[in-house]
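**Q** Return atomic coordinates for the entry below.
(one chain, ligands or ions: 1)
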Amino acid sequence: MDKTHLVDEITGHRRMRRNRKADWTRRMVQENRLTVDDLIWPIFIVPGTGIVDPIKAMPGVSRMSIDKAVEAVREAADLGIPAIATFPDIEMGLRDETGSQSVVADNLINKATAAIKKAVPNIGIITDVALDPFTSHGHDGILREGIIVNDETVDQVVRAAVMQADAGADIIAPSEMMDGRIGAIRRGLDAAGHQDVGIMSYATKFSSGFYGPYREAINTSGLLKGDKNSYYISPANATEAMRDAALDVEEGADMLMVKPGLAYLDICWRIKEAFGLPTFAYQVSGEYTQIKAAAMNGWIDGDRVMMETLLCFKRAGCDGILTYFAIDAARKLAKSG
Ligand code: PBG
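**A** Below you'll find the model as predicted:
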């Protein structure tokens, strides 16, 4: 029995499924696409040579000594990945109350930058200037009598940023959420002749449980006392996040980042709409690990969910994604392209 009139009466002859009926129509109407140009690869660096040390809480991700990192970054560049972001796992003996190792010119992060820049000059290097890898308490700033002191931290972060730029960093990405840091870093870089070094602000960094595996990766979880609520943004607050991002834009940020990613897509969208700056999401360690863990149990199709989440960042307005999946996703894109 012909029932078409029933539906046509309701929809007025409009049928969404016409555009979905075949692979070619679906391709024709596809609004967003993930390409290798959207991927930024975060990596973990350890002292020594010949080391590739798997991180338990992040299956498939390893800490690498600089020589091994250079090889891995070369592969990333060959795949077309535009940039990497480096995080150092600093020797415990070098960590102290103020994170003084962050302002040693040839520290682990700067040595890695110099080596990678020399060996793989065509990939962008993004370095974080937060103090947490360098402090004995795992906080992102200087701790004085139980308080993370803002202005003294900013002063040190600026000095660290200039050293990172001296070593060859292309973009400084401050993640420690101190007030005034973007403007201070901009002035510091310019005064040191680094006008072309950009700033990607971790504009809205939320106080999140999704950072757990990262803290294992750089060995800060055992050190951290208390929480980071006095400097990171509450997951409950979006208006406050917008105001924080607006200040970073005024202070001269070249790019903005939202972190974590998937649970904060509303913030990605609002930031892109409001400021129009290049906007990035950081699909953080806990997000990566959730997908990996479920996939390893056979409960989800890991590759499919990886590609879906990355595409969804694009739909939410992101210009790119920092993701531990970068290499896997790039390989997959190369195959399907
Ligand atoms: C701290 C920092 C964090 C991450 C990178 N730098 C968060 C934290 O430890 O509080 C998280 C990255 C991730 O989870 O993948 N400056």
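**Q** what packs against the longest helix anywhere in the chain?
**A** In the chain, assigned by DSSP state H, the helix with the most residues is helix 150-167. In this structure, helix 150-167 packs against helix 108-119, strand 142-144, strand 171-173, helix 181-191, with contacts taken as 3 or more CB pairs under 8 Å, 6 or more residues apart in numbering; DSSP states H and E. The way it works is simple: take the backbone N, C-alpha and C, and place the C-beta from them, glycine included.
**Q** in the longest one, what counts as buried?
**A** It stands for helix 108-119. Judged by neighbour count (16 or more other CB atoms under 10 Å), helix 108-119 contains these buried residues: 108, 109, 110, 111, 112, 113, 114, 115, 116, 117, 119.
**Q** In contact with the first one: list those residues for me.
**A** Yep, that's residue 108 we're talking about. Shown in contact with residue 108 (CB atoms under 8 Å, 6 or more residues apart in numbering): 45, 46, 47, 66, 88, 89, 90.
**Q** does the spatially closest residue to residue 291 that is not a sequence neighbour sit in a helix or strand, and which one?
**A** In space, and not counting its chain neighbours, residue 291 is closest to residue 305: 5.2 Å by CB to CB, 6 or more residues apart in numbering. Assigned by DSSP states H and E, residue 305 falls within helix 302-315.
**Q** Return the alpha-carbon coordinates of the helix or strand just after that helix using PDB.
**A** Following helix 302-315 in sequence order, the next helix or strand is strand 320-323 (DSSP H and E). Taking Å, rounded to 0.1, in the frame of the first residue of the first chain, the C-alpha atoms of strand 320-323 are listed here in PDB:
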ATOM      1  CA  GLY A 320      43.100  22.200  14.800                       C
ATOM      2  CA  ILE A 321      43.500  19.700  17.600                       C
ATOM      3  CA  LEU A 322      46.400  18.800  19.900                       C
ATOM      4  CA  THR A 323      46.000  15.100  20.100                       C
END
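**Q** Strand 320-323 and the ligand, any residue contact?
**A** No: using CB under 6 Å from any ligand atom, strand 320-323 never reaches the ligand; the gap is at least 8.1 Å.
**Q** How far off centre is that strand?
**A** On the basis of CA atoms, centre = their mean, to the nearest Å, strand 320-323 sits 6 Å off its chain's mean C-alpha point.
**Q** That strand pairs with which strands, parallel or anti?
**A** Strand 320-323 pairs in its sheet with strand 39-46 (parallel), strand 279-283 (parallel), by DSSP bridges.
**Q** isn't residue 280 right next to residue 202, touching?
**A** No: judged on CB atoms under 8 Å, residue 280 makes no contact with residue 202 at a distance of 9.5 Å.
**Q** Nearest residue to residue 274 in space, ignoring adjacent ones along the chain?
**A** Closest to residue 274 by CB to CB, 6+ apart is residue 242, at 6.4 Å.
**Q** which helices and strands sit right next to whichever helix or strand residue 288 is part of?
**A** Element membership for residue 288, per DSSP H and E: helix 285-296. If contacts are counted by 3+ CB pairs under 8 Å, 6+ apart, helix 285-296 sits against helix 212-217, helix 302-315.
**Q** Output these as CSV; include the columns mean neighbour count and distance to the ligand.
**A** Formatted as CSV, the helices and strands packed on helix 285-296 follow (neighbours: other CB atoms under 10 Å; distance: least, CB to the nearest ligand atom, whole Å):
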stretch, mean neighbour count, distance to the ligand
helix 212-217, 20, 3
helix 302-315, 18, 14
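**Q** Could you export these as JSON lines, including mean pLDDT?
**A** Converted to JSON lines, these look like this (pLDDT from 0 to 100):
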{"stretch": "helix 212-217", "mean pLDDT": "95"}
{"stretch": "helix 302-315", "mean pLDDT": "98"}
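**Q** Let me have these in TSV, extended by distance to residue 132.
**A** Supplementary listing: those in TSV, determined by distance: least, CB to CB, whole Å:
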stretch	distance to residue 132
helix 212-217	8
helix 302-315	25
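**Q** Indicate which one of those is closest to residue 124.
**A** Residue 124 lies closest, by CB to CB, to one member of the helices and strands packed on helix 285-296: helix 302-315, at 18.6 Å.
**Q** Toward the C-terminus from the helix or strand bottoming out on mean pLDDT in the chain, list the very next helix or strand.
**A** Least confident helix or strand, the chain: helix 4-11 with a mean of 90, by mean pLDDT, DSSP states H and E. Later in the chain than helix 4-11, the nearest helix or strand by DSSP H and E is helix 23-29.
**Q** List the contacts of that next one.
**A** 18, 19, 20.
**Q** Then stretch 89-98?
**A** By CB under 8 Å, 6+ apart, the list of residues contacting stretch 89-98 reads 44-47, 63, 101, 107-108, 131, 133-137, 142-143, 156, 217-219, 223.
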